[in-house]
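Chemist: next comes the sequence, and after it the predicted model I'd like to discuss.
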Amino acid sequence: MATTTGFQERIAAYARQLSEEMGAVDASKGVCWLDSIENQAIEITNAVHAELLKQRSNEYPPQDDESVCPKCGKLGQYRGKRERELLTRRGPATLVEPEYYCPACRRASPYSKNGAR
Ligand SMILES: [Zn+2]
């Protein structure tokens with residue numbers, strides 16, 4: 001992804017704002033000063049990462065009213081969106097995903113017509 005100067009400037013301003021809200025770097029949270037700074041940066045970026053996952057997953061296009069159940073192959077009914085907690089490469093995050101209810105299996109799960117999600 002190519003970033004523009006304006007994008008980088010907004011990141012710099014946002015990073016400054018977030019680090020100010022986090023407060024002073026706690027030197028006891030690392031083996032040295034630089035390690036402590038990096039630990040705080042990781043804490044901030046992990047929180048931003050989790051929020052981005054939630055926001056972008058919520059933008060998933062509108063779903064069909066029905067979808068094929070991946071377990072039994074019958075049609076399930078779209079129930080709306082649901083949130084699910086998951087463990088990502090950067091720690092816990094909340095994902096927003098579609099939910100379909102299969103009357104044959106009597107369970108709800110996320111799936112789409114082609115099974116891809
Ligand atoms: Zn089913």
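Modeler: It's in.

Chemist: which residues in this protein form strands?
Modeler: For the chain, the strands defined by DSSP state E cover 66-68, 75-88, 91-102, 107-109.

Chemist: buried residues in the second one, which are they?
Modeler: By neighbour count on 16 or more other CB atoms under 10 Å, the buried set for strand 75-88 is 75-76, 78. All C-beta spots, glycine's among them, are computed from the backbone N, C-alpha and C.

Chemist: check what pLDDT Ser67 gets.
Modeler: Per-residue confidence (pLDDT) for Ser67: 88.

Chemist: find the nearest non-adjacent residue to it, please.
Modeler: Distances taken as CB to CB, 6 or more residues apart in numbering put Tyr100 closest to Ser67, at 4.8 Å, once the chain neighbours are dropped.

Chemist: in the sheet, who's paired with that neighbour?
Modeler: Tyr78, Ser109 (DSSP bridges).

Chemist: for it, which residues are in contact?
Modeler: Contact analysis of Tyr100 by CB atoms under 8 Å, 6 or more residues apart in numbering lists 63, 66-67, 69, 76-79, 108-111.

Chemist: with Asp65 instead?
Modeler: Asp65 touches 77-78, counting by CB under 8 Å, 6+ apart.

Chemist: still on that earlier bit, now the strands of the chain in a markdown table, with distance to Thr4?
Modeler: Listed next are the strands of the chain as a markdown table, based on distance: least, CB to CB, whole Å:
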| stretch | distance to Thr4 |
| --- | --- |
| strand 66-68 | 39 |
| strand 75-88 | 27 |
| strand 91-102 | 27 |
| strand 107-109 | 40 |
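
Chemist: and the ion, which of those is closest to it?
Modeler: Ranking these by distance to the ion, with CB to the ion as the measure, places strand 91-102 first at 3.3 Å.

Chemist: pLDDT of the biggest helix by length in the chain, averaged?
Modeler: Criterion DSSP state H: the longest helix present in the chain is helix 33-58. Averaging pLDDT along helix 33-58 gives 95.
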